[in-house]
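Q: Just need the structure, nothing else, for what follows:
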Amino acid sequence: MLWTLDEAAAAAKGEKRQGNDRTEISAVIHDSRDVPADSLFIALKGPNHDAHKFVGEVLEKGAGTAMVSRVWWQETGEKNFPEGNFIIVDDTLEGLVNLAASARARSIARVIGITGSVGKTSTKEFLATILSDQGKCHANKKSFNNHWGVPLTLANLPKDADFAVIEMGINHVGEMGALARMVAPDIAVITNIEPAHIGNFNSIEEIARAKSEIFSAMEDGIEKGGIAVLNADNPYAPILQKAAEDYGVEHIVTFGESSGADSRLRDCTLLSDGSRVSVKILGDKYKYHLPVPGKHFVLNSLPILLVVKLLGCDMKKAVKSLEHITPVEGRGNHIPVFLGDGDIPVTVIDESYNASPVSMQAALRVLEMSVPAAEGRRIAVLGDMLELGADGARLHIELVNPVLKAKTDLVFACGPLMEALYNIVPPAWQGGYAEDSKTLAQLLTAIIRPGDVILVKGSLGSRMAYVVQALQDLHVPGRCSGSDDGSKSCETGIEKAREHAV
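A: Prediction:
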């Protein structure tokens, strides 16, 4: 049991209306498509949607309680749903935030907040995986990292959780402070500062200052003033360090390749299927094999293991856990697609969830390390990187050198910004251009062949997941190389890619 009806109503500062005896709440949800039994449905209202219209549906599906606005209750709910349990509030988002604050206040968990321009979700997922082997760990689902995702995550924080890993994302100045007050992290990690969402900020320095507000509510951390974990290699680290000091953070540690980093990369060998890594963390040396390709994942492992060590966890077990991680869907997972009776698949590198100049370059380096089989080719399928402001066209054009260095055989491009890059790659490399991803998918699927390695990447708004879906729709069911377990793994990867594209 997560909450009782009485507890949730009091925490949300709402009025309870009990129409049945289902007074135990198992989960707090916002999505009418996924309704666990006895859950509490939050009827959020936004500029383009109003979830109050789904209240009847979720109650029929098994939700025990709904949090609704007072206006909706007076106009609709009271007369239409006499047998439902309700928590009535003036504003449902405010009620959710109040519920989250109460969950955080009652929690005994050590809370780690994670932000940064790129790498937040992968870092969160990998850290949560490792901490789940050390105790009971709670974390955001998917990328629920914004003004409603963070309080929803906290509202689901179990009373007895040992750890909570909370990803925190912003698009504008001033948003982080509100998230920080909700999360009150014991340890705050900033992965890096880069020109992601730069179109919503005046400068990269402003991005750094905005994200540094994660340090503004750390007075009640594990250590007095909390612990800040910073990227020593990032040029904006001094801005972050000064902000942490100004906010009263007393413990500041670093990670990176720099000689003075507290979690330092000593050596790594980059391979097509992963990396062999040697690190030194707070004076102790560790070696491990990271089963996901790309140096960016190697660098992500540095703050993860540093946090684990700061928490006093079993490092031997943590390193072993790290050696079994898998990429998050849409963020570097590899999907084998068999086109027929042959034994050689097309390999799809699914990076379709999001893109920035830095993450695009990292993905192209993974493509460079990939080895096509037989007559296969390296194919880059790139969608627009959005929210880059006035520098958008230039930042797309500057990808030409990483594309060339990746030994790309063909480039497919989607969207008006990526067209600028497409027009300057060698004509022999131009595979196709389209304004939308569905049209581009038709061009791509017409030319692929076994052995191809296909990188698909773009901002979420460019809808490159449709391309991934089109590729995996070509897959012949049951066609996977290796053992029965391998076949099951392949089919699972295909199904997850399909879910991501929906």
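
Q: Show the end-to-end separation of stretch 248-257, please.
A: 27 Å (CA to CA, to the nearest Å).

Q: gap between that stretch and the chain center?
A: The chain centre lies 23 Å from the centre of stretch 248-257; the measure is CA atoms, centre = their mean, to the nearest Å.

Q: So which residues make contact with that stretch?
A: 188, 215, 218-219, 223-234, 237, 241, 244-245, 260-265, 282, 299, 302-303, 306, 310 (CB atoms under 8 Å, 6 or more residues apart in numbering). For the C-beta atoms, the positions are set from N, CA and C on the backbone; glycine is no exception.

Q: quick one: buried residues of that stretch?
A: By neighbour count on 16 or more other CB atoms under 10 Å, the buried set for stretch 248-257 is 249, 251-257.

Q: ranges for the helices of the stretch 1-150 of the chain?
A: 5-11, 55-61, 70-72, 78-80, 92-106, 120-132, 149-155 (DSSP state H, counting those that start in this stretch).

Q: other SSEs contacting the first one?
A: If you count contacts as 3 or more CB pairs under 8 Å, 6 or more residues apart in numbering; DSSP states H and E, helix 5-11 packs onto strand 15-17, strand 24-25, strand 65-69, strand 85-89, helix 92-106.

Q: Point out the other helices and strands that the fourth one packs with.
A: Helices and strands touching strand 85-89, by 3+ CB pairs under 8 Å, 6+ apart, are helix 5-11, strand 15-17, strand 65-69.

Q: Tell me which of those sits most buried.
A: Highest mean neighbour count among the helices and strands packed on strand 85-89 (mean count of other CB atoms under 10 Å): strand 65-69, with a mean of 27.

Q: In CSV, list the helices and strands packed on helix 5-11 along with mean pLDDT and distance to A470.
A: Converted to CSV, those look like this (pLDDT from 0 to 100; distance: least, CB to CB, whole Å):
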stretch, mean pLDDT, distance to A470
strand 15-17, 96, 48
strand 24-25, 97, 41
strand 65-69, 98, 38
strand 85-89, 97, 43
helix 92-106, 98, 36
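
Q: Out of the helices of the stretch 1-150 of the chain, which is closest to V425?
A: When these are compared by CB to CB, helix 120-132 sits nearest V425, at 28.3 Å.

Q: what distance separates the closest one from the centre of its chain?
A: In terms of CA atoms, centre = their mean, the centre of helix 120-132 is found 10 Å from the chain centre.

Q: The contacts of stretch 248-257 in strands, which ones?
A: 188, 227-231, 263-265 (DSSP state E).

Q: Please identify which pair of the residues you listed lies farthest apart.
A: It's A188 and L265 that sit farthest apart of the ones in strands among the contacts of stretch 248-257, by CB to CB, at 21.4 Å.

Q: So what does the residue lying closest to G260 once chain neighbours are set aside have for phi and psi?
A: Leaving out its chain neighbours, the residue that sits closest to G260 by CB to CB, 6 or more residues apart in numbering is A232, at 6.7 Å. Main-chain torsions, A232, degrees, to the nearest 10: phi -70, psi -20.

Q: ok, A232 - contacts?
A: Contacts of A232 (CB under 8 Å, 6+ apart): 254-258, 260-261.

Q: between the residues you listed, which is nearest S321?
A: Lowest distance from S321 to the contacts of A232 (CB to CB) belongs to F255, with 18.1 Å.

Q: Quick check: which element contains the closest one?
A: For F255, the enclosing helix or strand under DSSP states H and E is strand 251-256.

Q: Could you export that strand as PDB, CA atoms only?
A: Taking C-alpha atoms only, strand 251-256 is exported to PDB below (Å, rounded to 0.1, in the frame of the first residue of the first chain):
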ATOM      1  CA  HIS A 251      30.800  18.900  -0.300                       C
ATOM      2  CA  ILE A 252      31.700  19.200  -4.000                       C
ATOM      3  CA  VAL A 253      33.200  16.200  -5.900                       C
ATOM      4  CA  THR A 254      34.000  15.800  -9.600                       C
ATOM      5  CA  PHE A 255      34.200  13.200 -12.300                       C
ATOM      6  CA  GLY A 256      35.900  13.100 -15.700                       C
END
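
Q: Return the members of the contacts of stretch 248-257 classed as buried.
A: For the contacts of stretch 248-257, buried by 16+ other CB under 10 Å: 188, 215, 218, 225-234, 237, 241, 244, 261-265, 299, 302-303, 306, 310.

Q: If I follow the layout properly, I335 ends up in contact with Q472?
A: Yes - counting by CB atoms under 8 Å, Q472 is a contact partner of I335 at 6.0 Å.
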